[in-house]
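Undergrad: Provided below are the primary sequence and the corresponding predicted coordinates.
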Amino acid sequence: MTVEQTQALADSYPPAASAESPVAWYDYVAVIDCIPPNSPERPRLEICGFAVTFCEENVPDSSGPRSIIYRRTGYADGTDPTSWEPIGPTCYTDSVPARSGEPAVELTEAMIVEQFHRTDFALPQTVIQPPDGTALVNLPVYFELAWPDAGFSPAEVDTTTLVGRQVRIRPTLVGATYVTGDGTTVGPTTSLGGPYPDGDVTHTYDQPADVAPHITVEYGGEVSVDGGPWTTIPSTATVDGPAVDLQVLTSRNRLYSD
């Protein structure tokens, strides 16, 4: 079916019914064309390569993936609905209405951006060397960004469903800013730093102080809808990691007599 034919299903009613007299209506469901295991009861259990590539190659302007539209008749008087019956294929899956009189709610970029900002992003952990929570004035401190197990860090995938579509969001690292706690910062940079001697994110404190450095991360993201290709999400999100306590001390030399 074309996009116009698919959208027009919302205006179709069983005989003797209409928008003005909705004594009956059609229910619709788009079953991704991987059958089995997909069915009207489980329309998106699997997203197979055939369904994705068919639409990409044959209907490149469509949302995909290829789906079979099933229809049944529902009744206002409480009569049980009829059995599901296939009425045709479409690559405009997100244009299939839920029922007569209800145009499809299509997945929009704004919905994806909103979901991206709901992602449970991993909070960057600050690892410092020297590791005992103390450092000396005029000696470099090495910083490292560590990703915790909790939350979604870059390259991990958060999967959800929006308006019946499978949406996978994969965070990316735009940049990390190392906030040293004495009024200065290092970055933003894509470096994760590291320990002595090879770490490339360092800071030298010039005054003794008790500071609480932390790392701020700017996340970007990529999205894949219904198993389709990954595309860039036009938004970023900034999160602050927890601070760590660091005591910067003055080093004193002592002279001892024999």
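TA: Cool, the structure landed.
Undergrad: and residue 20, how many residues sit next to it?
TA: Neighbour count of residue 20, defined by other CB atoms under 10 Å: 6. Heads up, the C-betas are built off the backbone N, CA and C, glycines and all.
Undergrad: please apply the same query to the one 3 residues further on.
TA: Here the count is done by other CB under 10 Å, and residue 23 has 12 residues near it.
Undergrad: quick check: it vs residue 79, distance?
TA: 10 Å (CB to CB, to the nearest Å).
Undergrad: in stretch 26-45, what's buried?
TA: 26-35, 38, 40, 43-44 (16 or more other CB atoms under 10 Å).
Undergrad: so what's the residue count around the closest residue to residue 147 other than its chain neighbours?
TA: The shortest distance from residue 147 to any non-neighbouring residue, by CB to CB, 6 or more residues apart in numbering, is to residue 153 (3.9 Å). Residue 153 is flanked by 19 other residues according to other CB under 10 Å.
Undergrad: residues in contact with residue 153?
TA: Contact analysis of residue 153 by CB atoms under 8 Å, 6 or more residues apart in numbering lists 121, 122, 147, 171.
Undergrad: spatially, which two of the buried residues of stretch 26-45 are the most separated?
TA: Farthest-apart pair in the buried residues of stretch 26-45 is 26 and 34; separation 23.7 Å (CB to CB).
Undergrad: tell me the domain ranges of this structure?
TA: What automatic domain parsing lists as the domains of the chain is 3-104, 112-249.
Undergrad: next, format these as TSV and append mean pLDDT.
TA: Output for the domains of the chain, formatted as TSV (pLDDT from 0 to 100):
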stretch	mean pLDDT
domain 3-104	91
domain 112-249	94
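Undergrad: ranges for the strands of the stretch 101-250 of the chain?
TA: In the stretch 101-250 of the chain, the strands defined using DSSP state E, counting those that start in this stretch lie at 125-129, 134-136, 140-146, 158-162, 165-179, 185-189, 202-204, 209-211, 214-225, 231-232, 237-240, 246-249.
Undergrad: let me have the ones you listed in TSV, extended by mean neighbour count and distance to residue 90.
TA: Converted to TSV, those look like this (neighbours: other CB atoms under 10 Å; distance: least, CB to CB, whole Å):
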stretch	mean neighbour count	distance to residue 90
strand 125-129	18	47
strand 134-136	16	63
strand 140-146	20	46
strand 158-162	13	19
strand 165-179	19	14
strand 185-189	17	45
strand 202-204	17	58
strand 209-211	14	60
strand 214-225	21	16
strand 231-232	12	22
strand 237-240	14	34
strand 246-249	17	60
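Undergrad: for residue 12, find the nearest of those.
TA: Closest of these to residue 12 is strand 165-179, at 22.8 Å (criterion: CB to CB).
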